[in-house]
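Peer 1: model this:
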Amino acid sequence: MFGPDICGHSNRRVHVIFEHDGQNHLIKKTIAPETDVFTHLYTLVVNPDNTYKVLIDGEEKAAGTLAEDWDILPPKEILDPEAQKPADWVDEKEIVDVEDKKPEGWDDEPAEIVDPEATKPDDWDDELDGDWEAPMIANPEYKGPWTPRMVPNPAYKGPWIHPKVANPEYKDDPTLYAYDSFGLVGVEIWQVKSGSIFDDFLITDDFAEAEKYFDLVKERREAEKAAKEADDTVKRAAAEADRAAKQAETDAQDDAEEDKDEL
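Peer 2: The predicted model follows:
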(Lines give C-alpha, C1' and ligand atoms only; values in the text may rest on other atoms or scores of the structure.)
Protein backbone atom coordinates (compact mmCIF):
# COMPACT_ATOMS: atom_id res chain seq x y z
CA MET A 1 0.00 0.00 0.00
CA PHE A 2 1.36 3.39 -0.94
CA GLY A 3 -0.10 6.88 -0.74
CA PRO A 4 -0.98 9.86 1.45
CA ASP A 5 -3.14 9.56 4.57
CA ILE A 6 -4.45 12.93 5.79
CA CYS A 7 -6.68 12.52 8.86
CA GLY A 8 -7.22 15.80 10.71
CA HIS A 9 -4.13 17.63 11.90
CA SER A 10 -2.50 15.07 14.18
CA ASN A 11 -2.23 12.06 11.87
CA ARG A 12 -0.76 12.94 8.51
CA ARG A 13 1.71 10.67 6.81
CA VAL A 14 2.57 8.87 3.60
CA HIS A 15 1.84 5.17 4.02
CA VAL A 16 4.29 2.65 2.60
CA ILE A 17 3.16 -0.84 3.59
CA PHE A 18 4.64 -4.13 2.38
CA GLU A 19 2.97 -7.49 2.84
CA HIS A 20 5.32 -10.34 3.72
CA ASP A 21 4.34 -13.86 4.77
CA GLY A 22 0.77 -12.75 5.46
CA GLN A 23 1.78 -9.78 7.63
CA ASN A 24 1.48 -6.07 6.78
CA HIS A 25 4.52 -3.95 7.66
CA LEU A 26 4.35 -0.14 7.83
CA ILE A 27 7.45 1.94 7.19
CA LYS A 28 9.07 3.08 10.46
CA LYS A 29 9.89 6.54 9.11
CA THR A 30 7.32 9.34 9.15
CA ILE A 31 6.95 10.96 5.73
CA ALA A 32 4.82 14.13 5.67
CA PRO A 33 2.35 14.43 2.76
CA GLU A 34 1.34 17.61 0.96
CA THR A 35 -1.85 19.07 2.44
CA ASP A 36 -2.80 21.93 0.11
CA VAL A 37 -5.54 21.84 -2.53
CA PHE A 38 -3.28 21.33 -5.55
CA THR A 39 -2.23 18.29 -7.56
CA HIS A 40 0.79 16.32 -6.29
CA LEU A 41 2.61 13.27 -7.56
CA TYR A 42 3.67 10.49 -5.15
CA THR A 43 6.34 8.08 -6.38
CA LEU A 44 7.63 4.90 -4.77
CA VAL A 45 10.79 3.36 -6.22
CA VAL A 46 11.72 -0.20 -5.17
CA ASN A 47 14.97 -1.60 -6.51
CA PRO A 48 16.12 -5.24 -6.92
CA ASP A 49 18.85 -4.62 -4.32
CA ASN A 50 16.12 -4.03 -1.67
CA THR A 51 16.65 -0.27 -1.57
CA TYR A 52 13.81 2.21 -1.97
CA LYS A 53 13.00 5.89 -2.42
CA VAL A 54 9.84 7.90 -1.80
CA LEU A 55 9.45 11.05 -3.87
CA ILE A 56 6.79 13.75 -3.81
CA ASP A 57 6.63 15.89 -6.95
CA GLY A 58 9.98 14.40 -7.96
CA GLU A 59 11.72 15.44 -4.73
CA GLU A 60 13.18 12.70 -2.55
CA LYS A 61 11.53 12.56 0.88
CA ALA A 62 12.84 9.24 2.21
CA ALA A 63 15.29 6.54 1.15
CA GLY A 64 16.96 3.49 2.63
CA THR A 65 16.64 -0.28 2.64
CA LEU A 66 13.62 -2.52 3.10
CA ALA A 67 15.40 -4.47 5.83
CA GLU A 68 16.23 -1.42 7.94
CA ASP A 69 13.15 0.78 7.54
CA TRP A 70 10.54 -1.98 7.98
CA ASP A 71 10.27 -4.67 10.64
CA ILE A 72 9.89 -7.34 7.99
CA LEU A 73 12.89 -9.42 9.04
CA PRO A 74 13.80 -10.38 12.60
CA PRO A 75 16.42 -8.04 14.14
CA LYS A 76 20.05 -8.90 13.49
CA GLU A 77 20.83 -8.63 17.19
CA ILE A 78 18.87 -9.34 20.35
CA LEU A 79 19.51 -8.73 24.04
CA ASP A 80 21.77 -11.44 25.42
CA PRO A 81 19.40 -13.72 27.35
CA GLU A 82 22.32 -14.95 29.46
CA ALA A 83 23.39 -11.47 30.57
CA GLN A 84 22.10 -9.93 33.79
CA LYS A 85 22.99 -6.76 35.61
CA PRO A 86 25.52 -7.63 38.35
CA ALA A 87 24.05 -7.61 41.84
CA ASP A 88 26.69 -5.13 42.99
CA TRP A 89 26.15 -2.74 40.09
CA VAL A 90 25.68 0.79 41.38
CA ASP A 91 23.51 2.99 39.16
CA GLU A 92 22.59 5.68 41.71
CA LYS A 93 24.34 8.77 40.42
CA GLU A 94 23.91 10.70 43.67
CA ILE A 95 23.58 9.74 47.34
CA VAL A 96 22.53 11.55 50.50
CA ASP A 97 25.30 13.54 52.14
CA VAL A 98 25.54 11.84 55.55
CA GLU A 99 27.37 14.85 56.95
CA ASP A 100 24.55 17.24 56.13
CA LYS A 101 22.52 18.03 59.25
CA LYS A 102 19.21 19.83 59.65
CA PRO A 103 19.87 23.37 60.95
CA GLU A 104 18.78 24.31 64.45
CA GLY A 105 15.26 25.74 64.57
CA TRP A 106 14.37 24.60 61.02
CA ASP A 107 10.95 23.26 62.09
CA ASP A 108 10.16 26.04 64.58
CA GLU A 109 8.09 28.06 62.10
CA PRO A 110 4.58 26.83 61.19
CA ALA A 111 3.38 26.73 57.58
CA GLU A 112 0.61 29.28 58.31
CA ILE A 113 0.20 32.18 60.69
CA VAL A 114 -2.64 34.49 61.68
CA ASP A 115 -2.94 37.41 59.28
CA PRO A 116 -1.54 40.31 61.35
CA GLU A 117 -3.38 42.86 59.22
CA ALA A 118 -6.80 41.25 59.61
CA THR A 119 -9.32 43.08 61.79
CA LYS A 120 -12.70 42.11 63.09
CA PRO A 121 -15.43 43.57 60.84
CA ASP A 122 -17.45 46.41 62.38
CA ASP A 123 -20.72 44.62 61.70
CA TRP A 124 -19.60 41.33 63.26
CA ASP A 125 -22.10 40.13 65.91
CA ASP A 126 -20.57 37.58 68.28
CA GLU A 127 -23.99 36.31 69.33
CA LEU A 128 -25.16 35.76 65.75
CA ASP A 129 -21.88 35.11 63.96
CA GLY A 130 -19.93 33.33 66.69
CA ASP A 131 -16.47 34.09 67.90
CA TRP A 132 -14.48 35.94 65.25
CA GLU A 133 -11.20 34.37 64.23
CA ALA A 134 -8.60 36.08 62.09
CA PRO A 135 -7.85 34.29 58.80
CA MET A 136 -4.62 32.37 58.33
CA ILE A 137 -2.02 33.22 55.68
CA ALA A 138 1.16 31.54 54.44
CA ASN A 139 4.05 32.08 56.80
CA PRO A 140 6.89 33.85 54.96
CA GLU A 141 9.33 32.42 57.52
CA TYR A 142 8.29 28.82 56.87
CA LYS A 143 11.10 26.87 55.20
CA GLY A 144 9.22 23.73 54.25
CA PRO A 145 10.28 20.14 54.97
CA TRP A 146 14.02 19.72 55.28
CA THR A 147 15.85 17.30 53.00
CA PRO A 148 19.57 16.55 53.12
CA ARG A 149 21.61 17.59 50.13
CA MET A 150 22.74 15.07 47.55
CA VAL A 151 26.38 14.49 46.58
CA PRO A 152 28.01 12.50 43.75
CA ASN A 153 28.14 8.78 44.48
CA PRO A 154 31.78 7.64 44.43
CA ALA A 155 30.64 4.07 43.67
CA TYR A 156 28.54 5.10 40.64
CA LYS A 157 29.33 2.97 37.58
CA GLY A 158 26.94 4.58 35.12
CA PRO A 159 23.86 3.03 33.53
CA TRP A 160 24.13 -0.68 32.90
CA ILE A 161 23.82 -1.51 29.21
CA HIS A 162 22.38 -4.88 28.34
CA PRO A 163 24.78 -6.48 25.84
CA LYS A 164 23.48 -7.79 22.54
CA VAL A 165 24.24 -10.99 20.66
CA ALA A 166 23.56 -12.21 17.13
CA ASN A 167 19.95 -13.26 16.67
CA PRO A 168 19.84 -16.95 15.69
CA GLU A 169 16.42 -16.31 14.12
CA TYR A 170 17.76 -13.68 11.73
CA LYS A 171 18.09 -14.59 8.07
CA ASP A 172 18.57 -12.14 5.26
CA ASP A 173 16.11 -12.22 2.38
CA PRO A 174 17.39 -10.72 -0.89
CA THR A 175 13.93 -11.11 -2.45
CA LEU A 176 12.04 -8.69 -0.17
CA TYR A 177 11.42 -6.40 -3.14
CA ALA A 178 9.89 -9.16 -5.29
CA TYR A 179 6.21 -10.06 -5.63
CA ASP A 180 4.48 -12.55 -7.88
CA SER A 181 2.81 -9.78 -9.85
CA PHE A 182 2.93 -6.01 -10.23
CA GLY A 183 0.20 -5.94 -12.84
CA LEU A 184 -2.74 -4.66 -10.79
CA VAL A 185 -3.69 -1.50 -8.92
CA GLY A 186 -6.18 -1.44 -6.04
CA VAL A 187 -7.52 1.92 -4.88
CA GLU A 188 -8.67 2.41 -1.30
CA ILE A 189 -10.26 5.79 -0.57
CA TRP A 190 -11.64 6.75 2.82
CA GLN A 191 -12.52 10.42 2.77
CA VAL A 192 -13.52 12.51 5.77
CA LYS A 193 -13.39 15.66 3.65
CA SER A 194 -14.77 15.79 0.12
CA GLY A 195 -12.94 17.12 -2.87
CA SER A 196 -9.93 14.81 -3.25
CA ILE A 197 -9.33 13.31 -6.71
CA PHE A 198 -7.00 10.38 -7.45
CA ASP A 199 -5.93 9.58 -11.00
CA ASP A 200 -3.01 8.82 -13.34
CA PHE A 201 -1.60 5.66 -11.76
CA LEU A 202 1.61 4.35 -13.29
CA ILE A 203 3.53 1.11 -12.66
CA THR A 204 6.77 0.81 -14.60
CA ASP A 205 10.23 -0.73 -14.43
CA ASP A 206 11.66 2.31 -16.24
CA PHE A 207 12.31 5.26 -13.91
CA ALA A 208 12.91 7.55 -16.90
CA GLU A 209 9.32 6.86 -17.94
CA ALA A 210 8.10 7.92 -14.49
CA GLU A 211 10.23 11.08 -14.59
CA LYS A 212 8.30 12.32 -17.61
CA TYR A 213 5.34 13.01 -15.33
CA PHE A 214 7.26 15.19 -12.88
CA ASP A 215 7.22 18.23 -15.16
CA LEU A 216 3.69 17.51 -16.38
CA VAL A 217 2.31 17.54 -12.84
CA LYS A 218 4.32 20.66 -12.02
CA GLU A 219 2.79 22.45 -15.01
CA ARG A 220 -0.68 21.33 -13.94
CA ARG A 221 -0.08 22.56 -10.40
CA GLU A 222 1.10 25.98 -11.59
CA ALA A 223 -2.02 26.28 -13.75
CA GLU A 224 -4.17 25.31 -10.76
CA LYS A 225 -2.49 27.96 -8.59
CA ALA A 226 -3.11 30.65 -11.22
CA ALA A 227 -6.76 29.60 -11.57
CA LYS A 228 -7.26 29.58 -7.80
CA GLU A 229 -5.68 33.03 -7.43
CA ALA A 230 -8.01 34.38 -10.12
CA ASP A 231 -11.00 32.77 -8.44
CA ASP A 232 -9.94 34.10 -5.01
CA THR A 233 -9.61 37.60 -6.50
CA VAL A 234 -13.17 37.45 -7.83
CA LYS A 235 -14.47 36.15 -4.50
CA ARG A 236 -12.62 38.86 -2.55
CA ALA A 237 -14.07 41.55 -4.80
CA ALA A 238 -17.57 40.13 -4.40
CA ALA A 239 -17.17 39.93 -0.62
CA GLU A 240 -15.91 43.53 -0.48
CA ALA A 241 -18.82 44.73 -2.61
CA ASP A 242 -21.24 42.88 -0.33
CA ARG A 243 -19.68 44.46 2.76
CA ALA A 244 -19.86 47.92 1.16
CA ALA A 245 -23.53 47.42 0.25
CA LYS A 246 -24.38 46.33 3.80
CA GLN A 247 -22.49 49.28 5.25
CA ALA A 248 -24.34 51.68 2.92
CA GLU A 249 -27.65 50.16 4.03
CA THR A 250 -26.66 50.54 7.68
CA ASP A 251 -25.59 54.16 7.12
CA ALA A 252 -28.93 54.92 5.39
CA GLN A 253 -30.87 53.44 8.31
CA ASP A 254 -28.82 55.50 10.78
CA ASP A 255 -29.51 58.68 8.78
CA ALA A 256 -33.21 57.89 8.75
CA GLU A 257 -33.23 57.42 12.54
CA GLU A 258 -31.41 60.74 13.01
CA ASP A 259 -34.00 62.51 10.81
CA LYS A 260 -36.83 61.08 12.97
CA ASP A 261 -35.12 62.28 16.13
CA GLU A 262 -34.77 65.80 14.73
CA LEU A 263 -38.51 65.89 13.90
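
Peer 1: who touches the strand of greatest length in the chain?
Peer 2: Secondary structure assigned by DSSP state E gives strand 11-20 as the longest strand of the chain. Taking CB atoms under 8 Å, 6 or more residues apart in numbering as the criterion, the residues outside strand 11-20 that touch it are 1-6, 24-27, 30-33, 35, 42, 44, 52, 54, 56, 61, 66, 70, 72, 176. Any C-beta I mention is one placed from the backbone N, CA and C, and that applies to glycine too.

Peer 1: try 10 Å this time
Peer 2: By CB atoms under 10 Å, 6 or more residues apart in numbering, the list of residues contacting strand 11-20 from outside reads 1-7, 24-35, 42, 44, 46, 52, 54, 56, 61-62, 66, 69-73, 173, 176-177, 179, 188.

Peer 1: part of a strand, is residue 158?
Peer 2: No. Residue 158: not assigned to a strand; according to DSSP: H, G, I helix; E, B strand; the rest coil it is coil.

Peer 1: pull the contacting residues for it.
Peer 2: Residue 158 touches 89, 90, 91, 93, counting by CB under 10 Å, 6+ apart.

Peer 1: give me the below-cutoff pLDDT ranges for this structure.
Peer 2: In the prediction, the chain carries residues with pLDDT under 70 at positions 8-9, 193, 261-263.

Peer 1: all strands for it, in order.
Peer 2: 2-7, 11-20, 23-26, 42-46, 51-56, 59-65, 77-79, 94-96, 112-114, 136-138, 150-152, 164-166.

Peer 1: for the protein, which helix is longest?
Peer 2: Counting residues, the longest helix in the chain under DSSP state H turns out to be helix 207-262.

Peer 1: which helices and strands sit right next to that one?
Peer 2: In terms of contacts (3 or more CB pairs under 10 Å, 6 or more residues apart in numbering; DSSP states H and E), helix 207-262 is packed against strand 42-46, strand 51-56.

Peer 1: just give the nearest non-adjacent residue to residue 95, would you?
Peer 2: If the residues on either side of it in the chain are set aside, residue 95 comes closest to residue 153, at 4.5 Å by CB to CB, 6 or more residues apart in numbering.

Peer 1: what is the neighbour count of the one you found?
Peer 2: Look at residue 153: counted by other CB atoms under 10 Å, it has 14 neighbours.

Peer 1: try the one 4 residues further on
Peer 2: Other residues within reach of residue 157 by the criterion other CB under 10 Å amount to 13.

Peer 1: what sits closest to it if chain neighbours are left out?
Peer 2: Leaving aside its sequence neighbours, residue 157 sits nearest to residue 90 (CB to CB, 6+ apart; 5.3 Å).

Peer 1: which residues touch that neighbour?
Peer 2: Residue 90 is in contact with 153, 154, 155, 156, 157, 158, 160, counting by CB under 10 Å, 6+ apart.
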